[in-house]
Each structure stands twice: as structure tokens, then as C-alpha cells.
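**Student:** Okay, here's the prediction I keep looking at, along with the sequence it came from:
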Amino acid sequence: MPQKLLPPAPDELEVSVFGPGYGESVLIHVGSGIWLAIDSCIDPVTGRSAPLGYLESLDIDPKTAIDLVVASHWHADHIRGLHELFSTASAAKFCCSSALCRKEFTALGKLYSGGKSRIPLGPEELYRCLETVSERIRTTGQSHLRWATADRLLWQYVSGGTPPSLVATLTSLSPSDSMISRSLKFMVDSSAAIKKGCVKARLTAGSPNDVAVALLLNINGRKILLGSDLEDEDNPLFGWSAVMSGMTAPGSRSGTFKVAHHGSVSGYLDDVWNTILEPEPLALLTPFRHGKHRIPNAADRARILSKTSQAYISAHPENVVRPAKKPTKIQGLMDGAIRNRRLAAGPIGHIRWRASICNPADKGTVDLFDGALALLDVV
Amino acid sequence: MDIQTKELDVTVEDINVVVIGDFNPRIFHPMWFAHYGLLRVTEAEEAKIEILHQDVSAFAISWLTVQVLRDRFTVGIKADVYQSHLNDLVQGIFQLLSHTPVRQLGINVHFRLRFRSEQDWHNFGHFLAPKSPWKDVVSQPGLRGLQMQGSREDERPGLLLVSLQPDLGKRGDTIIQVNDHYEMPKAKDKQRGMSEGAVWAVEVLRENYNLSIERARDIVKYLTRNFLAAKTVDNGG
Amino acid sequence: MTNLSDVLSGRDLAGRFDIKQLLGERELARPFSVKDDYLGSRVYGNTVEATASASPLLEDESPFILTPPERQSPSIHRFVKEQEFEGTVVAVNEDEGTFTARLVDLTNNCPDEEGEFFLAELNGDEYLVVPGALFTWTIGLQWRNTTMQRVSDIRFRRLPGFTREAIAKSEAEAEELAKFLDEQDAPEAFAARPR
């Protein structure tokens, strides 16, 4: 069987990062057939949520295998296909920033779920997830929602046996209270603009990202830091600075880092790399190719490579892929109207890291699929 | 009679929205539309104005016609490529004129079916209207028109009307009109908080315009598909 | 207001007519006598004034008798789509006179695309170009009057804003959902069950 289609062993952890150039999703096997999904992006070939397609290719049933879905924030590149993913994972619980459960956000989601556009914006995709959460709660009578805020234990697993062979925890590190307040202000301002009739186009994301949920996963003492799109502005109340100021003694450091905000300078804080990451951590990231934005740029890549040589990116951040030509009679007219026609995203791009749960010294192996490459090889 | 039908061509010939209410036709000058950003200024300036009068106004731009009588407002397109823009326009108009009394709304799609042979065309008529019941009533019975009424499966008062007639000027062609008719709920039926008038019309369009047009396409698709699958028709012979 | 004589020159519009026959059997706002009244208009320079008169008009003020026309056909009476995209503006590049857009291919099952378009080629839609704005881009065969040609048409959506009622309805439903979810925060971390 091809290597890609071999599922992880029960005592093997896996972190898979999907990113086709625009979009990011992280799928984690914590052991014992238990999977966690953070965000979703679309596989351009299948049009489906990338984590779903991958699990199905491994012959794993997402209905029962996925135990938790986390929406780290609502931006379009992290949210497309999330409702499909969460609806399919019918046993899964749901986590997102508490700000996104407030009426200020759900009203935006409800309004935009009228669906004028083919591409979901973000609020409506998340709104549909919250409706599904609500249905599951009403149907099962059980809790299915836990909000993510700074320093909150979201999820845990303790296997049987004495001592248990597997102990895993997932903790949210953000958003801080100040981030939540500021994000609510953005939502209130957006609603006010809509009421004035000022907004007729799609809602665009605010900056910086005040709802991003950074996560810390601990599997048998091995720590994995998942940076989402959390940014920093050198203010201890916001972003990574708030994470660092809120942390008690870090204890052991993380050996693996899903690099924040596509490796951009706004997602970087020296303190994170120096204090809570091991030296030469395994760094996994996805690019952001949107319009003229190309992240990580050369400076970003140099900065990351100065911290670790073990850095991998799911797709080339700058190479554009030309789409297939249309029939000549149509292509001619298109060429007259559009410049630099390119695919918005390339193939799905998949970085997969697997390591032994039982052996914390095992560095594991990294496999690269569908255009994923080492950051060192990006030229 | 056994038949073997070849594929037929179906094209959309007209999509229009008709609103019944109380209007002031005089205000519907193309530049009024441009002033409120409902149409391009260039299109408004080049509009062919048929008439502007307190009882009737009518004009056309390249892709759209507007006709307003005191009690009937009609906007339509011939090329369905402008389908979404038509919806935007009508919603925009009645959002602006939110106090306009409106009583009914129709979303109408006209199709032209072009059969590959005149025999297929006749057979479609036999399929929809079997001739055996007519053979002792009139000689050489032929279908001149058919109208079927149905209900939608939503909670909005109204009905669906499918009208069909052969185009006698173009033998081999049949016109099908699907009228999706919405009635503003009567006072006694209104639920608390339900919209009225122009606001109701905008809500209907926002929630149902695309559905109505898809439904119309589906109706024609089912009719033609069932016809193409038929092995026999009753031509009274 | 339009100068009707300019608009209607060349049309044969003389004579008295029956307004009820013209506009159908409807209740009209103003009652009138079929026999003697006629509704017409007088053109004064560039203005049009409606008249209703029981007496014959002076020869030099003969009214135009206006027949509401059957709906005219727009000049574009057919368009065969060969390629259609839905576009969303990602960014406006003022210095280059372009905007960047993301395109969803509505014709084929193809991945999304991006590209730059010229602001100057929008035929009056330029002011609508803001990040997030939607447009349709259609290429195909267009029949305009008697001429058929293949065209590329970019047309921005003039989206109606959300109505007060739609906003109020969304807010009410969203508040209900938010209130329910507010009470549903799991008191402890989720504990996964062994597989």
C-alpha cells in the first residue's frame, strides 16, 4: 500500500498540516484511534474538507474517529468546509473562542448565511457549526461545547491501565480577556455599519486577529504548540505577549510548533521561540497566498530558519500555478480582461509528522505530499 | 402510438418580476435608477425611453426592460445571464421605496422548447394531453394550450402556474411559462412580526428568487425528461 | 422630465381613446367619464404635464394620446454562456489601476482562480470596487438586436443592503442561539472515551 495511505499505529502520534496555498487545517492523531481536528480548508481537487478526505483515504471513519473539532477563528482561509467536517464527525465536541458564541457574532453569521456568494465568508460557516452544536446538545442532552479562552483545559484523554499508557491534554492559550473585548467591538462596529447600509459587500476580517485560539497539546509529556493565526503587538494584554505573561513556569518546552500566522512577522515573538519552544523545534507551517500577499516572504523564511532548520511548509509561498487554458475562443477574451491569471490555491499540500507516543525521545519522521516542501528548499 | 424522441433544446427566453401594488410611474426615470446606484449611469443615459407619464412609464436598457403602471410594476430580462442582477435591482428598488403598498409578487420564467422534428413536437402535445378522450368529440384534436396550477411546498400563500402552448408561428417550438405567484398574507393570517408591503416583497425575493427560478427550470426538466423517457403517446389513433 | 415629443416623434398617436380599454378593467385612482374625458399630456418645452379635460383642446394644443406599449424587448435578447465566474474583490491596487479578485468557476468543476482586472474597464462600476465586493464575469455569445458576437462582460453586483427587518430577524434568532449556547459551556474539559 502506498505510504500515504497507511494509517498511524495506535501508539503513534500524528500531526498532519494541510495547506494548498490559501487555507489551513491541522489533523492530529493523539493515539488509540482518537483524532482532533483544528480548522478546515478545502482540497481544490475534491472540493471537500481536506481532513475528511484524508481520513477516508486511510479507511478511517470520521464519524467516530474525530473526538474534537476546534475552530481557532472564523477567517475564511481556516474555516472553509468546517461545517461539513463537524457535521460528518457526529461524535465530536466543539471548541471555539467564547467571543464567537456571543450574539454580536452569531447575528453576523445569521445575516450572511443568506448566501449571496459561492464562497462562505466565515461568520456563516461558523454559525452553521454552532447551530449543529445546539442540535447535538438538544438531541443528546450532553454537553458538546467548551469555550476557548486563555489557560483553559479543553479536552483530555486518559487511557486504561495503571499507570495509563496514554495521557493527552489540550489547553487553549488564547484569546485573552482584552482580545475578547476588542473582538466584540469589531463585531458591534460591523453590525452598526450593516444597519447604516454601509456594508453591501462581503465582511472582511479585522486585523489583528483578536479571536485566534492558540493551543498546547500534551501527549505523554511531549508538547506540541499550535499557533493558529495568533499575532503579537508587544502589548502584554494581547496576542503572544498575553500568552507569555499569563503562563506560569512553562515546565517542559514544546518540540513541535505549528507556526503562527503563516510565519509572518506579526505572528512572531522572540520570547516564544526562546522560552517555550525547544531549541531546533520541528516547525510546520502553511503559506498564505491571497491577492498580492505572499506569506512567509523571504525575510519571514530567513527568520524561521534562523531558529530551526527543521522547518516544513505545505506549499510554496510564492510560486503561482497557472490554471488550465480555456478553449481558444474564450481564452482570447479572458486574456483581454484579466492579468496574471493563476490558481488561487495549488494542490492540497500535506505535511505529516509521526512519532512514537511511548518513546518521548523519538524525533519521528516527516513525510511531504502534494507539493509540501522543506522551508530550506523554498527559493 | 410508439415513439422514439430525439433530444430537444430548451432555452430561457424571459425572466421577469411582476409586483402588484400602488405605484407612481412618473418617478421611474432611468436617471432615478442611476442616482440611487441601481443601474449604471452609462446605461441610464443610453436608455430607450418609451414613455414617462403619471399613468405609465416604460424604458429599456441593453439587458433589461422596466414598465410601471399605477398598479403593476414589471421588470424583465431576456438573457438569463443577468438573473442575479435582476434580483438585486428589484430588491434595491423596493428597499428604497419601502413604504410602497404591495399586494402580490410574481417571479416568472418563460422557456422555449425546440423539438428536432415536427413529429416530436406533436408527440409532446399528445404526451401532455392524450387524444383518445377527444377523438369522438372533435376531429383532428390538437393541443392549443394547457395550464396547470399547483402549490409550492413552503408556507407562503400563493400558487404555481405552468402554462404551455405550441408556437404556431414557429412549428416545432413550444413555449412554457412558469409563474411563481406570491400573495401577501391577509391581515387575519399574518403572524406576529411578519412583514408587509414592499418590505414583504424584498423578503420574498431575498429568500425565494433563486429557488423560484430553479423550481421553474426543474419543472421544465421533469416535463421534458418524462417525455423523452416515454415509449408511447396517445394520439387518439 | 423627458420631452415626449422628442421621444415619440414619428409615432402615430393622434385621436381620442378609451382609458379603461387602454389600461384594462381596473379601479383607477381618479374617476372619469368614458364618453367625454380623455387623458393626455401636453408638452411644454422639456416638461410633460398630464391633463384631463372634458372639452376639446385647441388645435395647437392637441394632446398626444399615449398607449402604454407592450413590453419592449431589451436589445440583448439572448446570451449563451460559455464561461462564467463569480468574482470577489480581494484588494484594490490604486497605483496600478487594477483590482485583484478571486474567481469561482461556475461553468466547470475547476479550482478557484485569482487575477488582476483593470479599474478603467468597468463601464461605470468603478465606485463599487471595494474589498469583498461581488461581480459576475461572463464570456459567451451575445445577441444584441440582429448582431451576434462573443463578448466578455464584467458586471458588479449592486447588492441590496440588509433590510431593517432582516437584521432584526437575524438578531432575534442569533440572540436565541447565543443565549442557549451561553448556558452550555461544558463545566469541565471534555474527557475522551477509550476506543
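**Tutor:** Sure thing, it's come through.
**Student:** What is the burial count for residue 168?
**Tutor:** If you meant another chain, say so; for now it's chain A. By the criterion of other C-beta atoms under 10 Å in any protein chain shown, A:A168 has 24 neighbours. In short, each C-beta sits where N, CA and C put it, glycine included.
**Student:** should've been chain C
**Tutor:** Every residue meeting other C-beta under 10 Å relative to C:A168 is counted, giving 14.
**Student:** any residue of the helix or strand containing it up close to chain B?
**Tutor:** Element membership for C:A168, per DSSP states H and E: helix C:164-182. Yes - for helix C:164-182, a contact with chain B is found by C-beta under 8 Å from any C-beta of the partner chain, at C:E165, C:A166, C:K169.
**Student:** what's the first one in contact with, if anything?
**Tutor:** Spelled out, it's C:E165. When contacts are counted by C-beta atoms under 8 Å, 6 or more residues apart in numbering or on different chains, C:E165 touches B:S195, B:V199, B:E203.
**Student:** how close does B:K135 sit to A:A99?
**Tutor:** 74 Å (C-beta to C-beta, to the nearest Å).
**Student:** if we can go back for a sec, among the contacts of C:E165, which are in reach of chain C?
**Tutor:** B:S195, B:V199, B:E203.
**Student:** Name whatever forms a beta bridge with the residue positioned nearest the centre of chain B.
**Tutor:** Note on chain B: the residue nearest the mean C-alpha position is B:N108, at 1.6 Å, using C-alpha atoms, centre = their mean. Note on B:N108: beta-bridge partners by DSSP bridges are B:N16, B:N179.
**Student:** that older thread, compare B:K135 and A:A99 (neighbour count), which wins?
**Tutor:** Set B:K135 next to A:A99 and count neighbours by other C-beta under 10 Å: A:A99 wins out with 24 against 15.
**Student:** sorry, back to before: show me what counts as buried in the helix holding C:A168.
**Tutor:** C:165-167, C:169-171, C:173-175, C:177-178, C:180-181 (16 or more other C-beta atoms under 10 Å in any protein chain shown).
**Student:** same question, stretch A:135-153
**Tutor:** A:R136, A:I137, A:S143, A:H144, A:L145, A:R146, A:W147, A:A148, A:T149, A:A150, A:R152.
**Student:** residues contacting the fifth one?
**Tutor:** Think A:L145. A:K93, A:F94, A:C95, A:C101, A:V133, A:I137, C:L181, C:Q184, C:D185, C:A186.
**Student:** can you give me the end-to-end distance of stretch B:76-87?
**Tutor:** End-to-end distance for stretch B:76-87: 10 Å, by C-alpha to C-alpha, to the nearest Å.
**Student:** ok, and what's touching that stretch?
**Tutor:** B:12-17, B:63-65, B:75, B:205, B:209-210, B:213, C:71, C:73-74, C:76-79, C:81, C:84, C:136, C:138, C:140, C:142, C:153, C:155, C:157-158.
**Student:** In strands, which of those residues fall?
**Tutor:** Residues from these lying in strands, with DSSP state E as the criterion: B:12-17, B:64-65, B:75, C:76-79, C:81, C:84, C:136, C:138, C:140, C:142, C:153, C:155.
**Student:** about what we covered before: kindly write the PyMOL command that selects the buried subset of the contacts of stretch B:76-87.
**Tutor:** Here is the PyMOL command that selects the buried residues among these (16+ other C-beta under 10 Å):
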select buried, (chain B and resi 12+13+14+15+16+17+63+64+65+75+205+209+210+213) or (chain C and resi 71+74+76+77+78+79+81+84+136+138+140+142+153+155+157+158)
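**Student:** one step back: helix or strand right after the helix holding C:A168?
**Tutor:** For helix C:164-182, the succeeding helix or strand toward the C-terminus, using DSSP H and E, is strand C:190-191.
**Student:** now for that next one, which elements pack on it?
**Tutor:** strand A:152-158 (3 or more C-beta pairs under 8 Å, 6 or more residues apart in numbering or on different chains; DSSP states H and E).
**Student:** Neighbouring strands of the strand it packs on in the sheet, and parallel or not?
**Tutor:** strand A:167-172 (antiparallel), strand C:190-191 (parallel).
**Student:** what comes up buried for it?
**Tutor:** Buried residues in strand A:152-158 (16+ other C-beta under 10 Å): A:R152, A:L154, A:W155, A:Q156, A:Y157.
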